[in-house]
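J.: The amino acid sequence is not available; the structure is as follows:
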Ligand SMILES: NC(=O)C1=CN([C@@H]2O[C@H](COP(=O)(O)OP(=O)(O)OC[C@H]3O[C@@H](n4cnc5c(N)ncnc54)[C@H](O)[C@@H]3O)[C@@H](O)[C@H]2O)C=CC1
Ligand SMILES: NCC(=O)COP(=O)(O)O
């Protein structure tokens, strides 16, 4: 057992908030943490209730999941799953139901983890889904986690809701606001601030030295030269130009439908969308099973699965835990990238560096053309990229089709959660040591406190 003040393990400690315990949060937590290899990678600290986890263990018929629980966190065990009990009353579990108690407990879990983030007892937090309406109280008056963390862990700075899956990272300028308010919220100041958060995060959290970012338009066809709206001409275009002038690889505004429809995002490290559904619908179509929601711009690291409470399947044992596992792995990765322990190896290769250089030259030429010195059409580059993306998309569709035919399943094909082949180490961080074979694991002398 390690004293938190004299922590000796190098593994990141990852807090996990339990979310709404009547949703699928506790189920995906238990399914992911039952894999003993998790404690080789990080020290999980679940903020919630041992009783609740034990109930889900029984519902799921999982025997092997063991953990140590505490009522305070003065000691955490770096080789075990830790559970910090955030309330003492016995709560009735009603999977799929919205109850006042579940909303209160979801808040208690978040508040306790927040204290531990402040004292650096934990290095990051992964939040299981809450019901945004049900958690509202005198203590929690935020539209969601993103807004809560912005207020409490951003040091007064701006943040960006960013959905990540491999090299696809989609940020949204306006997050949890009504659609009717979006246009007014797209100002030069807001766009500049969000774009800065995205670029800084791609550098600092994902290790991309010279990130390439695509910006979407707000209106259909990115405004069609002012025919269908003028935010592209008055706000988005000038901000893009300003960032280019400062040497950033920023492109757009693009019509969002064609951009996502042709998978042009494959040519960029980050995509900035104007509003929630503009970014999240294509993202979830592409990567719902494995997507991670990351709050960029925080002083701490916070990730979450990309799904919600899924009341319609809660307590049935069918929830897919992949997204939660990815969120946990992403939190570990970002902590390590921030600490300089690993670097992102997706892009910095010779081909990419060459492409970046070409982009940089094209930007300079475009700017000069704007000043009347030289004629240059940036759409040449974008047309080339679109063509390339279309070919890749067709190849991918053919590959997926034949894979599905071989497996006899669709994209959300679910296998029983206790099959070990379900484990998928992330491919994009080659620095992570491979998992040891089961036979190489240190003997475990845990007792089940659950
Ligand atoms: N970070 C958070 O705390 C989030 C919370 N929410 C909250 O969740 C609640 C429900 O939101 P919805 O829009 O219905 O989205 P949802 O993601 O909960 O459900 C949408 C559909 O996807 C299915 N689904 C979701 N996760 C799944 C999984 N892991 N495995 C298999 N199927 C899965 C559900 O059964 C449902 O059919 C709302 O109260 C919302 O506020 C939604 C998104 C994020
Ligand atoms: N759909 C994404 C979303 O709702 C994110 O919510 P939160 O992480 O801010 O709670």
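T.: That came through, no problem. Note that the structure is a prediction, hence the values are computed from the model and not measured. Ligands and ions are numbered 1, 2, ... in the order given.
J.: which SS class is residue 91?
T.: Look at residue 91: counting by DSSP: H, G, I helix; E, B strand; the rest coil, its state is coil.
J.: ok, it to residue 166 distance?
T.: Residue 91 is 38 Å from residue 166, where distance means CB to CB, to the nearest Å. Every C-beta, even on glycine, is put in place using the N, C-alpha and C of the backbone.
J.: Next: residue 47.
T.: Taking CB to CB, one finds residue 47 at 29 Å from residue 166.
J.: Please say which of those two ends up with more neighbours.
T.: The neighbour comparison of residue 47 against residue 166 (other CB atoms under 10 Å) goes to residue 47, with 27 against 16.
J.: buried residues in the strand or helix carrying residue 190?
T.: For residue 190, the element it lies in under DSSP states H and E is helix 188-204. Judged by neighbour count using 16 or more other CB atoms under 10 Å, the buried positions of helix 188-204 are 190-199, 201-203.
J.: do the same with stretch 270-278
T.: Quick answer for stretch 270-278 (16+ other CB under 10 Å): 270-276, 278.
J.: Name the nearest of these relative to ligand 2.
T.: Taking CB to the nearest ligand atom as the measure, ligand 2 lies nearest residue 276 of the buried residues of stretch 270-278, at 6.6 Å.
J.: mind listing what the closest one touches?
T.: Applying CB atoms under 8 Å, 6 or more residues apart in numbering to residue 276 gives the contacts 161, 172, 174-176.
J.: now swap in residue 92 and tell me
T.: In this structure, residue 92 makes contact with 99, 101, judged by CB under 8 Å, 6+ apart.
J.: one more time with 6 Å
T.: With contact set as CB atoms under 6 Å, 6 or more residues apart in numbering, residue 92 has no partners.
J.: Relative to residue 38, how far out is it?
T.: From residue 92 to residue 38 the distance is 29 Å (CB to CB).
J.: is it true that residue 275 touches residue 174?
T.: Yes: contact criterion CB atoms under 6 Å: residue 275 and residue 174 qualify, at 4.9 Å.
J.: any shared contact partners between the two?
T.: Taking CB under 6 Å, 6+ apart as the contact rule, residue 275 and residue 174 both touch residue 182.
J.: With residue 363 as the reference, measure out to the residue of the chain found nearest ligand 1.
T.: At 2.2 Å from ligand 1, residue 308 is the closest residue in the chain, using CB to the nearest ligand atom. Remark: distance between residue 308 and residue 363 (CB to CB) = 39 Å.
J.: do the same with residue 199
T.: To residue 363, residue 199 is 14 Å away according to CB to CB.
J.: ok, residue 304 touching residue 125?
T.: No: between residue 304 and residue 125 there is no contact under CB under 6 Å: 8.8 Å.
J.: Can you tell me which of the contacts of residue 276 end up in helices?
T.: Among those, DSSP state H puts none in helices.
J.: What does the pLDDT read for the nearest residue to residue 38 once chain neighbours are set aside?
T.: Nearest non-adjacent residue to residue 38, counting by CB to CB, 6 or more residues apart in numbering: residue 44, 6.3 Å away. pLDDT, residue 44: 97.
J.: name the helices or strands packed onto the helix or strand encompassing residue 44?
T.: According to DSSP H and E, residue 44 maps onto strand 43-48. When contacts are defined as 3 or more CB pairs under 6 Å, 6 or more residues apart in numbering; DSSP states H and E, strand 43-48 sits against strand 13-17, strand 82-85, helix 100-118.
J.: neighbouring contacts of it?
T.: The contact list for strand 43-48 (CB under 6 Å, 6+ apart) reads 11, 13-18, 33, 78, 81-84, 86, 109, 112-113, 122.
J.: Partner strands of that strand, with direction?
T.: Looking at strand 43-48 with DSSP bridges, its partner strands are strand 13-17 (parallel), strand 82-85 (parallel).
J.: Could you count how many residues lie near the residue nearest to residue 306 when sequence neighbours are not counted?
T.: In space, and not counting its chain neighbours, residue 306 is closest to residue 291: 3.4 Å by CB to CB, 6+ apart. Under the neighbour criterion other CB under 10 Å, residue 291 is assigned a count of 25.
J.: pLDDT wise, what is residue 291 at?
T.: With respect to pLDDT, residue 291 has a value of 97.
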